[in-house]
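**Student:** Give me coordinates for this.
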Amino acid sequence: MIKGSYSFGSIKVDLSKELELSGKITFEDIYKKTGIKTIYRAGVKENTLTLALDASKKVLKKVEDEVESLIFVSQSHVSSIPSSGSILHEKLKLNKECYVLDITQGCSGFPYALITAINLIKNKEFKNCLIVCSETYTKYIKKNDRSTAPIFSDAASAFYIDKKNLPSILSTFFYTDGSGEKNLCLKDDEKGDRNLYMNGTNVFTFTAEKVPFATNKILEKANLKIEDIKYFIFHQASSIVLATIKNKLNIKNNLFFNDIKDFGNTVSSTIPIALIQLEEKKILPKKQPILIMGFGVGYSLCGGIFIFD
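**Tutor:** Model (predicted):
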């Protein structure tokens, strides 16, 4: 059984009413590519840590055992020195004898964290792990930037696993290409403000080429065919990205997760939010292979085939 929770920034945004676009491009033109109508923004008093705390406290109410390890996935750090994970550990008042790790892989961060946690629990390093993902990308985005403003959303997720309900890993695949660093990054403008920059065309090209390639690698390593996979959860980047992946791999609609319309791209939280939603709706396949994959900033990609009890 999956134990998890999530929280969104307190400002709910209807993009069709807010988006300030220049030229002849309308919201409907952009919606055809993004598939996103609603995003969430963190309020003035909210940040990556406050969202992470809210999601974590919700899930810890469902947990009886003391947390022995914490993995914090974020690129929107409240602190680099000390690590954000250490600050979150203190705010949650966890045991001092606790494994704490920060992962900064963005959209591929959750699969990295999940694979790490499963293997460490399997090797009896500890009994459980709380994986927390939290991002506030919109704090780096100008509202009239049509390449990023209609896409990214602020959210946090908390995902708990333990040795009693430990997912199995059938295969994994990792891919890193640092040559993509300038295609999705923070840049200083003429005023010295840091803003999120994305070359959507280049990021899309990477995704369209490497996600199908990686999927086939994962299937090959597990000695499975795509027909053997009972559900697919890819990072919720945009509707055009998801449609391209689905069509290239010939995946059936009913086996393919897509919640981009109402939540937007929540970066590292898209996959855990998907898993939690599927569990809540009682439609997550159990004891059957599920393919999960995150990809994006870096470039980085991480995925695997998992079986949940």
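
**Student:** Helix, strand, or coil at A113?
**Tutor:** When classified by DSSP: H, G, I helix; E, B strand; the rest coil, A113 comes out as helix.

**Student:** mind listing what it touches?
**Tutor:** Residues near A113 by C-beta atoms under 8 Å, 6 or more residues apart in numbering: I71, V73, L101, I103, I131, C133. Quick note: C-beta positions are derived from backbone N, CA and C, even for glycine.

**Student:** Same check on V13?
**Tutor:** Contacts for V13 (C-beta under 8 Å, 6+ apart) come out as T38, I39, Y40, R41.

**Student:** got it, and N95?
**Tutor:** Counting by C-beta under 8 Å, 6+ apart, N95 has contacts E66, V67, E68.

**Student:** Hmm, the last one is touching C98, no?
**Tutor:** Yes - E68 is within contact range of C98, at 6.2 Å (criterion: C-beta atoms under 8 Å).

**Student:** Who has more neighbours out of these two?
**Tutor:** A direct count of neighbours by other C-beta atoms under 10 Å for E68 and C98 places E68 higher, at 19 against 16.

**Student:** Give me the pLDDT for that one.
**Tutor:** Listed pLDDT for E68 reads 97.

**Student:** what's the answer for the one 10 residues further on, then?
**Tutor:** With respect to pLDDT, V78 scores 86.

**Student:** That one - that's part of a strand, no?
**Tutor:** No - looking at V78 with three-state DSSP, it is coil, so not inside a strand.

**Student:** Give me the neighbour count for the nearest residue to it once chain neighbours are set aside.
**Tutor:** Spatial nearest neighbour of V78, chain neighbours left out: L49 (4.5 Å); criterion: C-beta to C-beta, 6 or more residues apart in numbering. By other C-beta under 10 Å, the residues close to L49 number 22.

**Student:** Now do the buried residues in the helix or strand in which L49 is found.
**Tutor:** L49 belongs to helix 48-60 when assigned by DSSP states H and E. Neighbour-count burial for helix 48-60 flags T48, L49, T50, L51, A52, L53, D54, A55, S56, V59, L60 (criterion: 16 or more other C-beta atoms under 10 Å).

**Student:** In the protein, spot the helix with the most residues.
**Tutor:** helix 200-222 (DSSP state H).

**Student:** helix or strand right after it?
**Tutor:** Per DSSP H and E, helix 200-222 leads on to strand 231-234 as the next helix or strand towards the C-terminus.

**Student:** Against A52, how distant is F159?
**Tutor:** Distance, F159 to A52, by C-beta to C-beta, to the nearest Å: 12 Å.

**Student:** ok but I118 is inside a helix, no?
**Tutor:** Yes - applying three-state DSSP, one finds I118 inside a helix.

**Student:** So the nearest residue to I305 once chain neighbours are set aside, which state does it fall into?
**Tutor:** Sequence neighbours aside, L170 is the residue nearest to I305 in space, at 4.1 Å (criterion: C-beta to C-beta, 6+ apart). Secondary structure assignment for L170 (three-state DSSP): strand.

**Student:** Can you give me the pLDDT of L170?
**Tutor:** pLDDT, L170: 98.

**Student:** Same check on L101?
**Tutor:** In this model, L101 is scored at 97, pLDDT.

**Student:** returning to that earlier point: now secondary structure and distance to T215 too, for the contacts of N95, in TSV please.
**Tutor:** Compiled in TSV, the contacts of N95 are given as follows (DSSP: H, G, I helix; E, B strand; the rest coil; distance: C-beta to C-beta, whole Å):
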residue	secondary structure	distance to T215
E66	coil	38
V67	coil	33
E68	coil	33
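
**Student:** Looking at those, which is nearest K139?
**Tutor:** K139 lies nearest to V67 out of these, by C-beta to C-beta, at 28.1 Å.

**Student:** which residues touch the closest one?
**Tutor:** By C-beta under 8 Å, 6+ apart, the contact list for V67 reads L60, L92, L94, N95, C98, N128, C129, L130, Y160.

**Student:** Where neighbours are concerned, which of the contacts of A113 has the most?
**Tutor:** Ranking the contacts of A113 using other C-beta under 10 Å puts V73 first, with 33 neighbours.

**Student:** For the spatially most central residue of the chain, which three-state class applies?
**Tutor:** Centre of the chain computed as the mean C-alpha position; nearest residue by C-alpha atoms, centre = their mean is S268, 2.4 Å away. At S268, secondary structure determined by three-state DSSP is helix.

**Student:** Need the per-residue pLDDT for it.
**Tutor:** 97.

**Student:** what residues do F159 and A52 have in common as contacts?
**Tutor:** Counting by C-beta under 8 Å, 6+ apart, the contacts common to F159 and A52 are V132.

**Student:** these two touch, right, L94 and L70?
**Tutor:** Yes - between L94 and L70 there is a contact at 6.4 Å, judged by C-beta under 8 Å.

**Student:** Name the residues that touch the worst-scoring helix or strand of the chain on mean pLDDT?
**Tutor:** Least confident helix or strand of the chain, by mean pLDDT, DSSP states H and E, is helix 15-18 with a mean of 86. With contact meaning C-beta under 8 Å, 6+ apart, helix 15-18 is reached by F27, Y31, I36, K37, T38, I39, K143, P150.
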